[in-house]
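Chemist: any chance you can model this:
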Amino acid sequence: MAAKLLDGKALAASIKEKIKAEVAQLKAAPRLVSVQAGENPASEVYLRSQRKNAENLGIDYHIEKLASDVSQADLIKTIEKLNKDAAVNGIIIQMPLPSHIDAKSISKHIAPLKDVEAVHPQNMGEIVFGNAKVLPCTAAACMEILNSIEGLKLYGKEVVVVGHSEIVGKPLALMLLNKFATTTVCHIATGERGNLPEFVKKAEILIVAVGKAGLIKGEWIKEGAIVIDVGINRVEGKLVGDVEFDKAQERAAYITPVPGGVGPLTVAILMKNLLETTKLQK
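Modeler: Got it, this is the predicted structure:
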């Protein structure tokens, strides 16, 4: 029997409905500022999505545009200025940054209480202890999807996360460990040793966030598994995930579609984080 689809759009709509109701109760609209250095077509799509969602939720949204040759020092000055601005409740640094900017070091300059993507080392550290008030958006989106499955208990479940990025795989692994899931993280070295199929085949829950179309073969999926595909890849004009969807759907119990799975939830979580940071600043 074909797997049940995990509908990220419906979940996102439910979260946004609650956010909109809470924003309407605030004395002033929360203000979210996205800092963009240079231009990138992929970034423009995300920026439009941020603006559209913010406007629909009653959130004050602004893009701080900087030139592509902005120096690292001037970018940091811009962030520090926004940190001090009491009218700003949340800050996003739009990726990718120009190649001459050390992107990894920039996140530590955002005030932790305005870090709506939870990329500041302090906010990442809070995840280790299970105390985080805001969570990295895509990782949190995966947890929202798991939480939406009726009767699912993560305690002791064999979970395999493929991909170990700072914004998805690593924080997600910590969030799963905080739920006592038996968590394995696979990465490029796992694949290079030829061990990826072995780990995927034992996964009761499989979460893939690599960005490589068809990386996970459908026949590797354990019967009855839950599959969350974070990857978004364009192949012959179509958007596809990292998992061979058609074959995986025949073996899994639940699976996210691409598009329409994790993606719609990511922006909803971003807005949810903004609401949380706004409350924390009071």
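
Chemist: list the buried residues of the helix or strand containing residue 265.
Modeler: Following DSSP states H and E, one finds residue 265 within helix 262-280. Buried positions in helix 262-280, judged by neighbour count with 16 or more other CB atoms under 10 Å: 262-278. The way it works is simple: take the backbone N, C-alpha and C, and place the C-beta from them, glycine included.

Chemist: residues in contact with the nearest residue to residue 158 once chain neighbours are set aside?
Modeler: Excluding the flanking residues, the one nearest residue 158 by CB to CB, 6 or more residues apart in numbering is residue 204, at 4.6 Å. Shown in contact with residue 204 (CB atoms under 8 Å, 6 or more residues apart in numbering): 157-159, 222, 224-226.

Chemist: show the buried residues in these.
Modeler: With burial judged by 16+ other CB under 10 Å, the buried subset of the contacts of residue 204 is 157-159, 222, 225-226.

Chemist: tell me which stretches of the stretch 51-200 of the chain form helices.
Modeler: Counting by DSSP state H, counting those that start in this stretch, one finds helices in the stretch 51-200 of the chain at the ranges 72-84, 103-106, 121-128, 137-147, 169-177, 188-192, 196-201.

Chemist: mean confidence (pLDDT) on the longest one, please.
Modeler: The one in question is helix 72-84. Taken as a whole, helix 72-84 has an average pLDDT of 98.

Chemist: for it, packing partners?
Modeler: Helices and strands touching helix 72-84, as assessed by 3 or more CB pairs under 8 Å, 6 or more residues apart in numbering; DSSP states H and E, comprise strand 31-37, strand 60-66, strand 90-93, helix 103-106.

Chemist: do the same with the last one
Modeler: If you count contacts as 3+ CB pairs under 8 Å, 6+ apart, helix 196-201 packs onto strand 158-162, strand 182-186.

Chemist: so which of the ones you listed is the most surrounded?
Modeler: The highest mean neighbour count among the helices and strands packed on helix 196-201, using mean count of other CB atoms under 10 Å, belongs to strand 158-162: a mean of 24.

Chemist: just to revisit the earlier point, TSV for the helices of the stretch 51-200 of the chain, including mean neighbour count and distance to residue 257?
Modeler: Shown next, in TSV, are the helices of the stretch 51-200 of the chain (neighbours: other CB atoms under 10 Å; distance: least, CB to CB, whole Å):
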stretch	mean neighbour count	distance to residue 257
helix 72-84	15	36
helix 103-106	14	30
helix 121-128	17	28
helix 137-147	23	11
helix 169-177	22	19
helix 188-192	13	24
helix 196-201	17	19
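
Chemist: of the ones you listed, which is nearest residue 6?
Modeler: Among the helices of the stretch 51-200 of the chain, the nearest to residue 6 by CB to CB is helix 137-147 (5.2 Å).

Chemist: list the contacts of that closest one.
Modeler: With contacts defined as CB under 8 Å, 6+ apart, helix 137-147 is touched by 6, 8, 11, 15, 117-118, 135, 152, 154, 167-168, 171-172, 175, 205, 207, 209, 226, 228, 230, 256, 261-262, 265-270, 273.

Chemist: show me the contacts for residue 51.
Modeler: Contacts of residue 51 (CB under 8 Å, 6+ apart): 61, 63.

Chemist: hmm, I typed the wrong one, I wanted residue 7.
Modeler: Contact analysis of residue 7 by CB under 8 Å, 6+ apart lists 257, 260-261.
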